[in-house]
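1. turn this into a model:
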Amino acid sequence: MPHEHPIAHPEGEFPTALRPFGMPYSEFPPRFVRSVSVLLRDMIGEKLPKESRVRTAQLGIQRKQRRMHRIMHDLEVSTINREEVSQLLAEILATISEADTPDVQACAVHALSQMLSTSERLISDVIHAGTLRILLKLVTTGGLEVQEACMHALSSIACGTNEHRDAMLEAGVAEALIKTFTARQQPGVGASGALWNIAAGSDEVRKQILRAGGLPALIRVVQTSGSTSAKARAADAIRNIACGDLACRYAVVEAGALPALVGVLRSHVRSPERYHEAVLGSDNYGEGFSRINLCTRVVSTLSNLAQGSNACRVRIVRAGAVKPLVALLGHASMSVLEGAASALGNIACGDDVCREEIINQGALQPLVALLHSGTNEARGAAASAIGNMSCGSDARRRKVVESGAVKSLVELLASGSEISCDARARVAGAMLNMAAGSDEFRAELIGAGALRVLVHLLIQPATSSHAQAANVLLNIACGNNKYRQAVIDAGAVPVLVSQLITGSSDAKNTSAGALWCLAAGTDLHRDKVVQAGALPPLIALLSSDSIEAQISAAGVTMVDALCCIMAGNSFLTNLVQEAGAVEPVLQLLGARTSDECGLACSDAVCCFASGQSTEREVLVRAGAVPILTKLLEEDPLSEIRHRSADALSSIAIDPRGCTSQLLQANALKPMLAMLTSQETVLDCKLRLA
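-> Just a heads-up that it's a prediction; the model follows:
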């Protein structure tokens, strides 16, 4: 599924003429520092008439910006004097506090914003200098231009670390911003951008924004603002809030954000020609902002919300989001395509209602087309969406097959290095969901050539898609013996055995599962698994320390694989025992960390005990009797007690001292207790009496 990452703008928002020029963190050229210091002294002094000072400030700041751009290419920034930077900061703050015109104040605040955009360390200095208090005062008392400039500066501060954002919250920045934000008929870009960056912090930061009433204000901007930039920044802020925990996502949904967000998409779909232009219009500071970007941000917000609970996904569907999202799959912008496919994939993680709505709105064909022509991210998102839609219903899987998706998925996976590792993993995940259906869909995958492509994928250097590929082979091998033979004929067994040795922990687990399913077939299939060298790595994994953390998952799979290899075949049982499987299996059985572990290991011990007398002796010497007796006496699961009794019964058959071992372990008492409690016990257990 798509990762979510709160997105904070790296630089804040500034006037076009005042944008930073890529200055490295914490570095200011000395000549720039000195020249701006002189300029600021002139600005706050009485050397010039008021109107001249204002004009000088505005033109001078812009000249210094251009000069700084040139200086950055000429100077070695390692020679910067921190004292000069601190002096410049102090003079800018003094100008902000003492300037006698709003224009000069706004210019000084913008200069501060530029400085903040270049260094996280400088952000700390600014906070410690008491700047937040000065900016907050101007946000509540200054004119519109000064307010907007201060909000840009606060947005820059919020681009720092979580510690910086926490300091802003402690100073009451969120409440002040939201109060000013709410009071305006048309909130500007600065307020939306500041809340966007603040919401990139922790869940506690997001919840404080919610408690302060920020969400209704942001939704109002998305619904009513005439500024595309303000709408986009508000959507970004909502998106970052939706990156929080379930409580944050529920709050966004309950506040009524969905109708506003879906309304933006519907408007986009109704008038697509308006949104194919790179930039339309400009805002107060000359910032052109593409409506395509607005659409991308709204789609991303819906995608984040759909990563919540099923209830969130259902609300998104009921809000009518699916139809415009499907329509956007034909958009000219690849960023919109990627976002729409990701959002649909996340919605398809919901229940059958969500999946059916996506299919009914005609999403399959454009998603299949995206597999052939999109970027890596778009192809991966399309594969995830197709795979999620095929979950839980053979009827939906049939529609996926009819759309041509299976063939397209196989072709995409066969393209190898042309797609990213993440995209390959998503394609394999879609195949996995198809193979989880009936034999009809396993046959479709085999017929499309999926087996050899999956085996080839497992041969590739370490990749996150190995576990998914092995999982697909596991699901196919869970079918009938015909499919098991097809997997073997594709050369999968040696590759799966290799994954047991070199793969990741997930790849080892799923590869063991695939070998388990293959060994569940005929003796011929089991022979193939043994001949490929599966026993040593399976047993080595059971014996390793790393398996302890996964006893209920990987360990159980390994033991189940061994049980299938031994099933009813004394020769293979002897091979497994000779390979050293008895002791690690008994160790896992004694640990009994889960019902699954107990059942798998007791099955394996029953297989060992049903062999030759020499094999039972090995079992007894390894300490099986006390472990089985304890399980017989104490285990809460009746199936494990019965299997322990079966194993003890088989051990008791052997006259070579095994019976005496049973009596020494006091196994008779729990056996009789099972009889008196009217539990089903085979007659052969009476031999113990």
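2. where along the stretch 401-550 of the chain do the helices fall?
-> 405-414, 421-435, 439-447, 450-459, 466-477, 481-489, 492-502, 505-519, 523-531, 535-543 (DSSP state H, counting those that start in this stretch).
3. closest to Cys159 out of those?
-> Among those, the nearest to Cys159 by Cβ to Cβ is helix 421-435 (27.4 Å). For the C-beta atoms, the positions are set from N, CA and C on the backbone; glycine is no exception.
4. please state the offset of the closest one from the chain centre?
-> Chain-centre distance of helix 421-435: 15 Å, with Cα atoms, centre = their mean, to the nearest Å.
5. same check, this time on stretch 146-157
-> That offset, for stretch 146-157, works out to 32 Å (Cα atoms, centre = their mean).
6. next, the buried residues of that stretch.
-> Judged by neighbour count using 16 or more other Cβ atoms under 10 Å, the buried positions of stretch 146-157 are Val146, Gln147, Glu148, Ala149, Cys150, Met151, His152, Ala153, Leu154, Ser155, Ser156, Ile157.
7. equivalent analysis for stretch 134-148, please.
-> Ile134, Leu135, Leu136, Leu138, Val139, Gly142, Glu145, Val146, Gln147, Glu148.
8. ok, the first one to Ile92 distance?
-> Read that as Ile134. Ile134 is 10 Å from Ile92, where distance means Cβ to Cβ, to the nearest Å.
9. also the fifth one?
-> Val139 sits at a distance of 17 Å from Ile92 (criterion: Cβ to Cβ).
10. next one: the third one
-> The spacing between Leu136 and Ile92, counted by Cβ to Cβ, is 17 Å.
11. what's the answer for the last one, then?
-> Between Glu148 and Ile92 the distance is 18 Å, computed by Cβ to Cβ.
12. against which helices or strands is the helix or strand hosting Lys399 packed?
-> Taking DSSP states H and E as the definition, Lys399 sits inside helix 394-402. If you count contacts as 3 or more Cβ pairs under 8 Å, 6 or more residues apart in numbering; DSSP states H and E, helix 394-402 packs onto helix 352-360, helix 376-389, helix 421-435, helix 439-447.
13. buried deepest among these, which one?
-> helix 376-389 (a mean of 27; mean count of other Cβ atoms under 10 Å).
14. what angle separates that one from helix 352-360?
-> 120 degrees (axes from the mean of the first three to the mean of the last three Cα atoms, to 10 degrees).
15. remind me what helix 376-389 packs against, helices and strands.
-> By 3+ Cβ pairs under 8 Å, 6+ apart, helix 376-389 packs against helix 334-347, helix 352-360, helix 364-373, helix 394-402, helix 405-414, helix 421-435.
16. what mean pLDDT does it have?
-> On average, the pLDDT along helix 376-389 is 92.
17. can you give the contact residues for that helix?
-> 1-2, 334, 337-338, 341-342, 344-345, 348-349, 355, 358-359, 363-364, 367-368, 370-371, 374, 396, 400, 405, 409, 412, 419-420, 422-423, 425-427, 429-434 (Cβ atoms under 8 Å, 6 or more residues apart in numbering).
18. what does stretch 469-478 give?
-> With Cβ under 8 Å, 6+ apart, stretch 469-478 has contacts from 428, 431-432, 435-436, 442, 445-446, 450-451, 454-455, 457-458, 483-484, 486-487, 492, 496, 499, 503, 507, 510-511, 513-514, 516-518.
19. what's the PyMOL syntax to select whichever of those residues are buried?
-> A single PyMOL command suffices to select whichever of those are buried according to 16+ other Cβ under 10 Å:
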select buried, resi 428+431+432+435+436+442+445+446+450+451+454+455+457+458+483+484+486+487+492+496+499+503+507+510+511+513+514+516+517+518
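20. pretty sure Glu583 contacts Leu619?
-> No - look at Glu583 against Leu619 with Cβ atoms under 8 Å: they stay out of range, at 10.1 Å.
21. ok, those two, which is more surrounded?
-> Between Glu583 and Leu619, Leu619 has the larger neighbour count (other Cβ atoms under 10 Å), namely 25 against 16.
22. where does the nearest residue to the more buried one once chain neighbours are set aside land in three-state SS?
-> Of all residues not flanking Leu619 in the chain, Phe608 sits nearest, at 5.0 Å (Cβ to Cβ, 6 or more residues apart in numbering). Following DSSP: H, G, I helix; E, B strand; the rest coil, the label given to Phe608 is helix.
23. was I right to think Leu215 contacts Ile209?
-> Yes - between Leu215 and Ile209 a contact is recorded at 7.3 Å, counting by Cβ under 8 Å.
24. neighbour count: these two, which is higher?
-> Between Leu215 and Ile209, Ile209 has the larger neighbour count (other Cβ under 10 Å), namely 28 against 25.
25. quick check: that one vs Ser335, distance?
-> Distance from Ile209 to Ser335, by Cβ to Cβ: 26 Å.
26. try Arg355
-> 25 Å.
27. and Pro636, by the same measure?
-> Pro636 is 55 Å from Ser335, by Cβ to Cβ.
28. repeat for Glu583
-> From Glu583 to Ser335 the distance is 57 Å (Cβ to Cβ).
29. before we move on, what about Arg424?
-> Applying Cβ to Cβ to Arg424 and Ser335 gives a distance of 22 Å.
30. same question for Ser303.
-> For Ser303, the distance to Ser335 - Cβ to Cβ - is 12 Å.
31. so for the two, which residue has more residues nearby?
-> Legend: neighbour count by other Cβ under 10 Å for Ser303 and Ser335, higher for Ser303 (27 against 19).
32. check which helix or strand covers the more buried one.
-> Using DSSP H and E, Ser303 falls in helix 291-305.
33. got a list of what Ala609 touches?
-> Glu615, Arg616, Leu619, Ala624, Asp646, Ala647, Ser650, Ile651.
34. please name the nearest non-neighbouring residue to it.
-> Ala609 sits nearest to Ser650 (Cβ to Cβ, 6+ apart), 3.8 Å away.
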